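Enquirer: A structural model of the following input is requested.
(chains A and B)
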Amino acid sequence: MKKYFSSLSLLLVTAFLISSCEPSIDPNLAVQEAEFAKVMAGHDEVMPKTGQISKLSRQMKKYMKDNPDLDTETKGNVAEMISNLMVAEEMMFAWMANIKQLKELRITKSHEEIMTYLSEENKTMENVKLATNEGLEEGKKLWESLQPQ
Amino acid sequence: MKYLLGVFLVTFFFACDNTPDAPVKGLVIAKKDVLPILGNRDIAENGDTIYPTIPDFAFINQNGDTVTNADFEGKAYVADFFFIHCPTICPKVTQQMLRVNDKFADDDNLMLLAHTVDPKRDDVAALKSYADKLDAKTPKWHFVTGDKDELHGIADDYFSVAIENPDAPGGFDHSGRLILVDKNRHVRAFANGTDPDEVTQFIEDIKVLLAEK
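Expert: From the prediction side, this is the model:
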């Protein structure tokens, strides 16, 4: 009987230790992860377009170089568009350089502070998206108008 | 009782094992005799086939030295595009570049060339610090920076060959690719650098290329 109880105790201790290996789940973590995923979804949407922005601005720079006799108005329009495209591209790279990962945020910030930070980052990403989409749309229009009819 | 204690210890050990999953077993490695030259080819007036080649380049590496095609003369190399602050795929790709580096550490016929696409932030000092953390050393593994338009432009040249879908827009957004270039500047193979299994196949492809006479 004594042997039976000692075996049972050992099994119970084992079960306790195994369950103690499971990390305790803080419900706030899932909320933070969902918000972070939203920010990164914006990044995933914009990043391929940043490649297109870069390509379009390089095409326009080459066009300016190859056509030094453009009229002043066209020259001004193209130069302004190149500048807009480069701003949109830089916005994306600057955002990527500054975004903090959740792991890093959790060291120093409370849940509320993390959520505020992610909400701000979402707004910033929306601005990057807007600049990128507008830049691409307007840039493509201008590029088409520059092609020989 | 001793038996129970053994079960206890073994169970406890495995219950707390949090090591990452091992690579998928049963991965089929395709054995190739020769690697094709990739990309759209043209036919010259004299009937010769013209294969796409990587154009001339000149960038600055992590030591502040100029790196050009001449530094890769007679060698094959693996190229990739990255940036230090990349929040998504670049760390995974760099891990796979490390695998390639380790696998061919003693083979002088293979080099690695990592181009930043964010030269504004990834200057020589930043690249040096990054390379040191990876224990990446020249002349085996160059991390290069330079003029942004030139870096993005050459990314187009590499990726216009190394994409499955010819209608997909090129550019550095394909930065997850590892691209194998031969001593004649032809792209011979590529892999998704975020997929360890693809890179396992890619490593086999490199061996095939290096065995070419």
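Enquirer: for the rest of this, base every contact and every neighbour count on C-alpha atoms.
Expert: Noted.
Enquirer: flag the shaky bits of the chain, pLDDT-wise.
Expert: Unless you meant another one, I'm taking chain A. Applying pLDDT under 70 to chain A flags the ranges A:1-5, A:8, A:12-13, A:15-24.
Enquirer: sorry, I should have been clearer: chain B.
Expert: B:1-28, B:30, B:162-175.
Enquirer: quick one: the strands in it, in order.
Expert: B:42-43, B:49-50, B:58-60, B:66-68, B:76-82, B:110-116, B:141-144, B:177-181, B:187-192 (DSSP state E).
Enquirer: check chain A too.
Expert: Counting by DSSP E, chain A contains no strands.
Enquirer: how about the residues of it by chain B?
Expert: Within chain A, the positions adjacent to chain B are A:7, A:10-11, A:14, A:17-18, A:21, A:47-48, A:50-52, A:54-55, A:58, A:93, A:96-99, A:101 by Cα under 8 Å from any Cα of the partner chain.
Enquirer: what about the nearest residue to B:Tyr51 once chain neighbours are set aside, neighbour count?
Expert: In this structure, B:Tyr51 finds its nearest non-sequential neighbour in B:Arg41, 4.8 Å apart by Cα to Cα, 6 or more residues apart in numbering or on different chains. Per other Cα atoms under 10 Å in any protein chain shown, the neighbour tally for B:Arg41 reads 12.
Enquirer: quick check, B:Arg41 in contact with B:Pro52.
Expert: Yes: at 6.3 Å, B:Arg41 counts as touching B:Pro52 under the criterion of Cα atoms under 8 Å.
Enquirer: all helices of the chain, in order?
Expert: Because you didn't say which chain, this covers chain A. A:2-21, A:27-66, A:72-98, A:102-108, A:111-146 (DSSP state H).
Enquirer: wrong one, I was asking about chain B
Expert: B:2-15, B:90-103, B:124-134, B:148-161, B:196-210.
Enquirer: save these as JSON lines, and put in mean neighbour count and distance to chain A too.
Expert: Converted to JSON lines, the helices of chain B look like this (neighbours: other Cα atoms under 10 Å in any protein chain shown; distance: least, Cα to the nearest Cα, whole Å):
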{"stretch": "helix B:2-15", "mean neighbour count": "12", "distance to chain A": "6"}
{"stretch": "helix B:90-103", "mean neighbour count": "18", "distance to chain A": "12"}
{"stretch": "helix B:124-134", "mean neighbour count": "16", "distance to chain A": "13"}
{"stretch": "helix B:148-161", "mean neighbour count": "21", "distance to chain A": "7"}
{"stretch": "helix B:196-210", "mean neighbour count": "19", "distance to chain A": "21"}
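Enquirer: who wins for proximity to A:Lys123 among those?
Expert: helix B:90-103 (24.4 Å; Cα to Cα).
Enquirer: picking up where we left off before, can you redo the helices of chain B as a markdown table with distance to A:Ala88?
Expert: Formatted as a markdown table, those follow (distance: least, Cα to Cα, whole Å):
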| stretch | distance to A:Ala88 |
| --- | --- |
| helix B:2-15 | 49 |
| helix B:90-103 | 21 |
| helix B:124-134 | 24 |
| helix B:148-161 | 15 |
| helix B:196-210 | 33 |
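Enquirer: for B:Lys133, find the nearest of the strands of chain B.
Expert: Nearest of those (Cα to Cα): strand B:141-144, 12.4 Å.
Enquirer: who are the packing partners of the closest one?
Expert: strand B:110-116, helix B:124-134 (3 or more Cα pairs under 8 Å, 6 or more residues apart in numbering or on different chains; DSSP states H and E).
Enquirer: sheet partners, orientation included, of it?
Expert: strand B:110-116 (parallel) (DSSP bridges).
Enquirer: for the strand it pairs with, buried residues please.
Expert: B:110-116 (16 or more other Cα atoms under 10 Å in any protein chain shown).
Enquirer: just the closest of the residues you listed to A:Glu35, please.
Expert: Using Cα to Cα, the buried residues of strand B:110-116 come closest to A:Glu35 at B:Thr116, 29.0 Å.
Enquirer: contacting residues for that closest one?
Expert: With contact set as Cα atoms under 8 Å, 6 or more residues apart in numbering or on different chains, B:Thr116 has these partners: B:81-84, B:122, B:143-145, B:151.
Enquirer: and the two most separated of those residues?
Expert: B:Ile84 and B:Leu151 (14.8 Å).
Enquirer: and the residue nearest the centre of chain A?
Expert: A:His43 (2.8 Å; Cα atoms, centre = their mean).
Enquirer: put together JSON lines for the helices and strands packed on strand B:141-144, with distance to B:Asp205 on each row.
Expert: Compiled in JSON lines, these are given as follows (distance: least, Cα to Cα, whole Å):
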{"stretch": "strand B:110-116", "distance to B:Asp205": "12"}
{"stretch": "helix B:124-134", "distance to B:Asp205": "24"}
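Enquirer: and of the ones you listed, who's closest to A:Ala30?
Expert: Nearest to A:Ala30, of the helices and strands packed on strand B:141-144 and by Cα to Cα, is helix B:124-134 at 31.8 Å.
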